[in-house]
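A.B. asks: model this:
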Amino acid sequence: MFSDDEKYAALQQEQIAQWEAHCGRCGACCGAYDGDPCEHLRRSDDKKYFCGIYEHRFGEHKTISGKTINCVPIRQILHSSWPGDHCCGYKKIGMK
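C.D. replies: All right, here's what the predicted structure looks like:
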């Protein structure tokens, strides 16, 4: 039998996984469409993007050109616009 804390932790992990599943790995929120992406943005063989330091992504980082940027949770920028945001899976679910 699971404790209430264990059930709650499992529910949180499930909700995180459901939220993360909305990401189409377009790279738009990391600068893939503006010509100066985050230095940690990577492109996989299937032509989708991912963060090379995903578990430690939040906070101050640099772009390819050396500009300082601040990586924040996507929920903090969903209300704004950025180059390529029409591809963002999180924005798409918000439009429904």
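A.B. asks: mind listing residues that contact the lowest-mean-pLDDT helix or strand in the chain?
C.D. replies: When the helices and strands of the chain are scored by mean pLDDT, DSSP states H and E, helix 89-94 comes last with a mean of 86. Here helix 89-94 makes contact (C-beta atoms under 8 Å, 6 or more residues apart in numbering) with 22, 23, 24, 26, 74, 75, 78, 85. For the C-beta atoms, the positions are set from N, CA and C on the backbone; glycine is no exception.
A.B. asks: from residue 29, how far out is the last one?
C.D. replies: The reference is to residue 85. Going from residue 85 to residue 29 by C-beta to C-beta, to the nearest Å gives 8 Å.
A.B. asks: now do the helix or strand hosting residue 15, average pLDDT.
C.D. replies: Assessed by DSSP states H and E, residue 15 sits inside helix 4-20. Taken as a whole, helix 4-20 has a mean pLDDT of 92.
A.B. asks: so where's this protein shaky on pLDDT?
C.D. replies: Judged by pLDDT under 70, the chain has its weakly predicted residues at 94-96.
A.B. asks: which residue is the nearest non-sequential neighbour of the spatially most central residue of it?
C.D. replies: Most central in the chain under C-alpha atoms, centre = their mean is residue 74, positioned 5.8 Å from the mean C-alpha point. Counting by C-beta to C-beta, 6 or more residues apart in numbering, the nearest residue to residue 74 once its immediate chain neighbours are dropped is residue 90, at 5.2 Å.
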